[in-house]
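S.K.: I'd like to go over a predicted model; first the sequence, then the structure.
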Amino acid sequence: MEYLKSSDVLIYLADATNQLLKNRGNYPTKASALSFYEEYFRTLKYGRHVLFRNFDFIMATQHNRVSFVQCVHYCIEPADGKGATASGGSASELLSVADYFNCITMIC
């Protein structure tokens, strides 16, 4: 049980179960519930599980925080100026701080 606490597995099991219970109408059979858990842990593995989640969930584990930063980077990388310059855009096309803020809040 100590390992489960130290590895944050309990947090993810609780979250997956809560999400499944909220959407139980979409998963009426055991097989569909198992496929839900499979997809949940697949998104966890690849770091997409933090998209459109609240601040408390993102801050709950180190993996969540790292995944969130990677998602933000992936979403705003094309607009960070390097992509714009490489495609012929000018430096005036760079995003402002407010633009970055809006991008990040759309991810949450």
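M.R.: Looks like it came in fine.
S.K.: got a list of contacts for the helix or strand hosting residue 42?
M.R.: Secondary structure assigned from DSSP states H and E places residue 42 in helix 30-46. Helix 30-46 has contacts (C-beta atoms under 8 Å, 6 or more residues apart in numbering) with 12, 16, 19, 20, 23, 26, 27, 49, 63. (Glycine included, C-beta is placed from N, CA and C.)
S.K.: doesn't residue 64 make contact with residue 57?
M.R.: Yes. Contact between residue 57 and residue 64 holds when scored by C-beta atoms under 8 Å: they sit 6.5 Å apart.
S.K.: more neighbours, the two?
M.R.: Using other C-beta atoms under 10 Å, the more surrounded residue of residue 57 and residue 64 is residue 64, with 22 against 15.
S.K.: from the contact counts, what lies against the helix or strand harbouring that one?
M.R.: For residue 64, the host element (DSSP H and E) is helix 62-76. Counting contacts by 3 or more C-beta pairs under 8 Å, 6 or more residues apart in numbering; DSSP states H and E, helix 62-76 is packed against helix 55-59, helix 97-107.
S.K.: which residues does that helix contact?
M.R.: By C-beta under 8 Å, 6+ apart, the list of residues contacting helix 62-76 from outside reads 8, 44, 47-51, 53, 57-59, 95, 100, 103-104, 107.
S.K.: next, give me the two most distant ones among the residues you listed.
M.R.: Greatest spatial distance among the contacts of helix 62-76 (C-beta to C-beta): 8 and 95, at 33.0 Å.
S.K.: who are the contact partners of residue 25?
M.R.: Counting by C-beta under 8 Å, 6+ apart, there are no residues that residue 25 touches.
S.K.: where's it relative to residue 37, distance?
M.R.: Summarising the geometry, the distance separating residue 25 from residue 37, computed by C-beta to C-beta, to the nearest Å, is 17 Å.
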